[in-house]
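Engineer: Fold the following and give me the result.
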Amino acid sequence: MDYIYELVFKVRDYECDLQGVVNNAVYQNYMEHTRHEFMKSIGLDFAKLHEEGVDAFVARIEIAYKHPLRSGDEFVCRLRLEKEGRLKYIFYQDIYRLPDERLIAQGKVTATTTVNGRLAVSPKVEEAFCRFLSQNSTT
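Structural biologist: Numbers count the residues shown, from 1 in each chain. Just a heads-up that it's a prediction; the model follows:
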């Protein structure tokens, strides 16, 4: 996989359920935080975009859970980006436990943008993402 960004985390006690593993919903938080940090790293700020009338939204999330994380585990969330059609950005996000690199979860997050409240391509987002789009992207 040709990942373009990664972020390291450590599981906190309160993220675990009664069985002692990370609750399934928490994985979405890990993936969202990774996407937001990726966007910041390439100069896209959600608050500024919103002030300019541009909003990015998640349209769909699919997560395949492979193995559980437990309190204190360190892990990395990696992502790559594709574009599908004119309005969809697909973030493939995989979580690996560290240091053994065991695959924990695989996510596919479909996102899009609105400009001034209407579904549309944001030239600013498109330009920032352009250099990271994988060759599998379809336009």
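
Engineer: low-confidence ranges in this structure?
Structural biologist: 134-139 (pLDDT under 70).

Engineer: This protein: helices as residue ranges?
Structural biologist: Along the chain, counting by DSSP state H, helices occupy 26-41, 46-51, 123-130.

Engineer: Select, out of these, the one closest to Ile104.
Structural biologist: helix 26-41 (8.1 Å; CB to CB). All C-beta atoms are positioned from the backbone trio N, CA, C, and that covers glycine.

Engineer: Which other helices and strands does that closest one contact?
Structural biologist: Applying 3 or more CB pairs under 8 Å, 6 or more residues apart in numbering; DSSP states H and E, we find helix 26-41 packed against strand 5-10, strand 54-65, strand 74-84, strand 88-98, strand 102-115.

Engineer: Just send these back as CSV, with mean neighbour count and distance to Leu18 too.
Structural biologist: Converted to CSV, those look like this (neighbours: other CB atoms under 10 Å; distance: least, CB to CB, whole Å):
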stretch, mean neighbour count, distance to Leu18
strand 5-10, 16, 21
strand 54-65, 14, 17
strand 74-84, 19, 21
strand 88-98, 20, 21
strand 102-115, 18, 19
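
Engineer: Please tabulate those in JSON lines and include distance to Glu37 as additional columns.
Structural biologist: Converted to JSON lines, the helices and strands packed on helix 26-41 look like this (distance: least, CB to CB, whole Å):
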{"stretch": "strand 5-10", "distance to Glu37": "5"}
{"stretch": "strand 54-65", "distance to Glu37": "14"}
{"stretch": "strand 74-84", "distance to Glu37": "9"}
{"stretch": "strand 88-98", "distance to Glu37": "12"}
{"stretch": "strand 102-115", "distance to Glu37": "14"}
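
Engineer: can you tell which of the ones you listed is closest to Asn23?
Structural biologist: That would be strand 54-65 among the helices and strands packed on helix 26-41, by CB to CB, at 11.0 Å.

Engineer: can I get the CA coordinates of the closest one in PDB?
Structural biologist: C-alpha atoms of strand 54-65 as PDB (Å, rounded to 0.1, in the frame of the first residue of the first chain):
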ATOM      1  CA  VAL A  54     -16.400  25.200   2.100                       C
ATOM      2  CA  ASP A  55     -17.400  22.200   4.200                       C
ATOM      3  CA  ALA A  56     -16.000  18.600   4.000                       C
ATOM      4  CA  PHE A  57     -18.300  15.800   4.900                       C
ATOM      5  CA  VAL A  58     -18.100  12.100   5.400                       C
ATOM      6  CA  ALA A  59     -20.700  10.400   3.200                       C
ATOM      7  CA  ARG A  60     -20.000   6.800   4.100                       C
ATOM      8  CA  ILE A  61     -17.700   4.700   6.300                       C
ATOM      9  CA  GLU A  62     -16.900   1.000   6.200                       C
ATOM     10  CA  ILE A  63     -14.600  -0.600   8.800                       C
ATOM     11  CA  ALA A  64     -13.400  -4.200   8.800                       C
ATOM     12  CA  TYR A  65     -12.200  -5.100  12.300                       C
END
